[in-house]
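K.L.:
give me a 3D structure for the following:
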Amino acid sequence: MSADSGYSGTPLPVKLGIRPGHSVALVGAPDGFRGRLPGPPGAHISDGLPAGARLDVIVYFTTSRAELEADLGALRAHMAPACGLWIAWPRRAARVPTDVTDHVIREIALPTGLVDNKVCAIDAVWTGLRLVIRRELR
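P.N.:
Numbering: from 1, shown residues only. The predicted structure follows:
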């Protein structure tokens with residue numbers, strides 16, 4: 001099992017829902033993360049949010065509730081209708097200072113028309129919660 005497949009043995013791009021041809025953005029990714037995320041053929045992975053782009057997958061890393069609150073509108077504006085927006089925060093066992101939890105993410109995101117539908121271990125430090133646009137709002 002690779003270091004980035006977590007407990008399931010599933011490769012990280014598969015867990016994150018990255019498919020051939022997808023437009024993917026990594027926002028605030030830790031150093032070296034992009035090199036550990038080889039996308040499938042034809043997937044375009046960028047660092048940060050490309051101007052005007054509508055994305056299929058966004059992976060946003062944060063340790064701060066205030067940062068998430070400030071950035072969620074911009075993240076939402078870049079979501080294609082079926083986009084998966086992963087909010088990644090440090091798991092408790094990583095002992096990285098944070099005020100973000102899955103409960104905090106839901107508290108901030110649900111009132112904006114997003115719903116969560118999946119959680120996964122991204123690596124030894126980061127856990128991700130996947131948010132999508134409510135079907136009736138797409």
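
K.L.:
pLDDT below threshold where in the chain?
P.N.:
1-8 (pLDDT under 70).

K.L.:
which residues does the helix ranked longest in it contact?
P.N.:
Longest helix in the chain, counting residues (DSSP state H): helix 65-77. Helix 65-77 has contacts (C-beta atoms under 8 Å, 6 or more residues apart in numbering) with 27, 49, 58, 60, 62, 85, 87, 99-100, 104-105, 108-109, 112, 114. Any C-beta I mention is one placed from the backbone N, CA and C, and that applies to glycine too.

K.L.:
strands - which of those residues land there?
P.N.:
27, 58, 60, 85, 87, 114 (DSSP state E).

K.L.:
which residues of this structure fall in helices?
P.N.:
Counting by DSSP H, the helices of the chain are 12-15, 65-77, 102-109.

K.L.:
now, of these, which is deepest in the fold?
P.N.:
helix 12-15 (a mean of 18; mean count of other C-beta atoms under 10 Å).

K.L.:
which residue, other than its chain neighbours, is closest to residue 28?
P.N.:
Closest residue to residue 28 apart from its sequence neighbours, by C-beta to C-beta, 6 or more residues apart in numbering: residue 61 at 4.1 Å.

K.L.:
again with residue 98
P.N.:
residue 63 (4.1 Å).

K.L.:
settle this for me: that neighbour is touching residue 97, isn't it.
P.N.:
Yes - using C-beta atoms under 8 Å, residue 63 is in contact with residue 97, at 6.6 Å.

K.L.:
tell me which of those two has more neighbours.
P.N.:
residue 63 (16 against 8; other C-beta atoms under 10 Å).

K.L.:
so who does the more buried one touch?
P.N.:
Per C-beta under 8 Å, 6+ apart, neighbours of residue 63: 89-90, 96-100.

K.L.:
mind checking how far residue 34 is from residue 137?
P.N.:
For residue 34, the distance to residue 137 equals 31 Å [C-beta to C-beta, to the nearest Å].

K.L.:
these two - which one has more neighbours?
P.N.:
residue 34 (15 against 11).

K.L.:
no further questions, thank you.
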